[in-house]
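Student: Pasting the sequence and the predicted model now:
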Amino acid sequence: MTALLEVEGLKKHFVASRSVFGTPTAHVRAVDGVSFSVERGKTLGLVGESGCGKSTVSRLVLRLIEPDAGNIRFEGRDLLAFDTGQLRRFRREAQIIFQDPYASLNPRMTVSQILTEPLALHDLVPPPGRRERVEQLLRLVGLEPRFARRYPHEFSGGQRQRIAIARALAVEPKLIVCDEPVSALDVSIRSQILNLLRDLQDRLGLAYIFVSHDLAVVKHIADRVAVMNLGEIVESAETEALFAAPRHPYSRALLSAIPVPNPRARHGHALLQGEMPSALNPPSGCRFHTRCPYVVERCRVERPQLNGDGHATACHRVDELPPPDLILSADSGFSPALEKLVAAFKAPEAAAAAGVDQAG
């Protein structure tokens, strides 16, 4: 079966400086040869440090910014070959939820106007039926229809993000890019938004690209995870496989940084030395070799390829590395807030037993 979205060799270099004659003299290699695919109704999690290129990838696959090289195929069609009319129709099929719910909504527009705008732009619903459609969208994301006349400043952060989700759903897309949609929200609101996203995926068959720094969140919402470092994917695997046995030293370091709220739990920490290199002048060979505890001379001169079928890793020494340290022991337990988050993804009866509020 053809994947909904297929990305191959995607690159984007931004000009950082120019000569007095306007010739580029330095580039930021934000995305440098990224490849992945997203299946229908599935979630791909993109994780990595700040500046690794996650958000740039999310905008490239929607053609919000144009790539320098690579291929993007949506339902088997070459997205980069779309003309203006085809790209406009593609906007109906792929939407984005931005990180900051305080900046992504127009403060001069009411909720009704915000949700009506995509319906009018794509001529999806005739004017007489748009009010009813707005009410349906608000109910779908757990808000009351009477909120339609209010402005964004009259809502909490969680409610604003629900409005942003409703706006993305207005055109009935097949793919939604979630660019850190819960990072600006507190933990109690995060669980509500994540539970809403999972419920909408189950009901509507949506595919997500979920960009996040919070690995605990990614673990519970993503079907597959891609780990990025300095514009490259260094490991890609099914979520359970990656969290159970990370292969790349960078992935191990990220997972070991997840806090465990139990002082008696055994927890291995993979501490990295030095600073993250600059994308202006990335290291030769493996871009992680300046901080890798297992580096050899080959790592410094030869760039590793992302190899493997189900669990792909870009590391020359993947077969030689010792087994990963204990990342999270089975009896380590979770904080009460994380317990609620975990319960939110279980069956309704299990969530009710844990005391989780499933409502708006």
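Tutor: Alright, I've got the coordinates.
Student: For Val171, grab the count of nearby residues.
Tutor: Neighbour count for Val171, taken as other CB atoms under 10 Å: 16. Just so you know, the C-beta spots here come from the backbone N, C-alpha and C atoms, and that holds for glycine as well.
Student: what's the helix or strand for the residue nearest to it when sequence neighbours are not counted?
Tutor: Take Val171 and drop its neighbours on the chain: the residue closest to it by CB to CB, 6 or more residues apart in numbering is Arg92, 4.5 Å away. Following DSSP states H and E, one finds Arg92 within helix 84-93.
Student: From Phe98, how far out is the residue sitting nearest the centre point of the chain?
Tutor: The centroid of the chain falls nearest to Val211 when counting by CA atoms, centre = their mean (1.7 Å). Val211 is 10 Å from Phe98, where distance means CB to CB, to the nearest Å.
Student: again, but for Glu6
Tutor: The gap separating Glu6 from Phe98 is 24 Å, by CB to CB.
Student: Surely the residue nearest to Val171 is in contact with Leu169?
Tutor: No - in this structure, Arg92 is not within contact of Leu169 by CB atoms under 8 Å, at 11.5 Å.
Student: So for the two, which residue has more residues nearby?
Tutor: Between Arg92 and Leu169, Leu169 has the larger neighbour count (other CB under 10 Å), namely 21 against 16.
Student: that's a strand at Glu6, yeah?
Tutor: Yes - the assignment for Glu6 by DSSP: H, G, I helix; E, B strand; the rest coil puts it in a strand.
Student: And the pLDDT for it?
Tutor: On pLDDT, Glu6 comes in at 96.
Student: ok, it - contacts?
Tutor: Shown in contact with Glu6 (CB atoms under 8 Å, 6 or more residues apart in numbering): Ser37, Asn71, Ile72, Arg73.
Student: Just the buried subset of those, written out for ChimeraX, thanks.
Tutor: A single ChimeraX command suffices to select whichever of the contacts of Glu6 are buried according to 16 or more other CB atoms under 10 Å:
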select :37,72,73
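Student: Distance to Arg162, secondary structure and pLDDT for the contacts of Glu6 - can I get that in a markdown table?
Tutor: Converted to a markdown table, those look like this (distance: CB to CB, whole Å; DSSP: H, G, I helix; E, B strand; the rest coil; pLDDT from 0 to 100):
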| residue | distance to Arg162 | secondary structure | pLDDT |
| --- | --- | --- | --- |
| Ser37 | 29 | strand | 95 |
| Asn71 | 35 | strand | 96 |
| Ile72 | 29 | strand | 97 |
| Arg73 | 32 | strand | 96 |
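Student: Using PDB, list the CA coordinates for the helix holding Arg92.
Tutor: This file holds the C-alpha atoms of helix 84-93, laid out as PDB (Å, rounded to 0.1, in the frame of the first residue of the first chain):
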ATOM      1  CA  THR A  84      -0.800  27.100  -8.100                       C
ATOM      2  CA  GLY A  85      -4.200  25.500  -8.500                       C
ATOM      3  CA  GLN A  86      -3.000  22.000  -7.500                       C
ATOM      4  CA  LEU A  87      -1.200  23.400  -4.500                       C
ATOM      5  CA  ARG A  88      -4.300  25.200  -3.400                       C
ATOM      6  CA  ARG A  89      -6.300  22.000  -3.600                       C
ATOM      7  CA  PHE A  90      -3.500  20.300  -1.600                       C
ATOM      8  CA  ARG A  91      -4.000  22.800   1.200                       C
ATOM      9  CA  ARG A  92      -7.400  21.100   1.800                       C
ATOM     10  CA  GLU A  93      -5.700  17.800   2.400                       C
END
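Student: Tell me who's in contact with the residue nearest to Val171.
Tutor: Contact analysis of Arg92 by CB under 8 Å, 6+ apart lists His122, Leu124, Val171, Glu172, Pro173.
Student: Just among these, which is most surrounded?
Tutor: Neighbour counts for the contacts of Arg92 peak at Pro173, which has 19 neighbours (criterion: other CB under 10 Å).
Student: still on that earlier bit, can you name the residues bridging to the residue nearest to the centre of the chain?
Tutor: Beta-bridge pairing of Val211 under DSSP bridges involves Leu46, Asp179.
Student: If anything else comes up later, I'll come back, but that's it for now.
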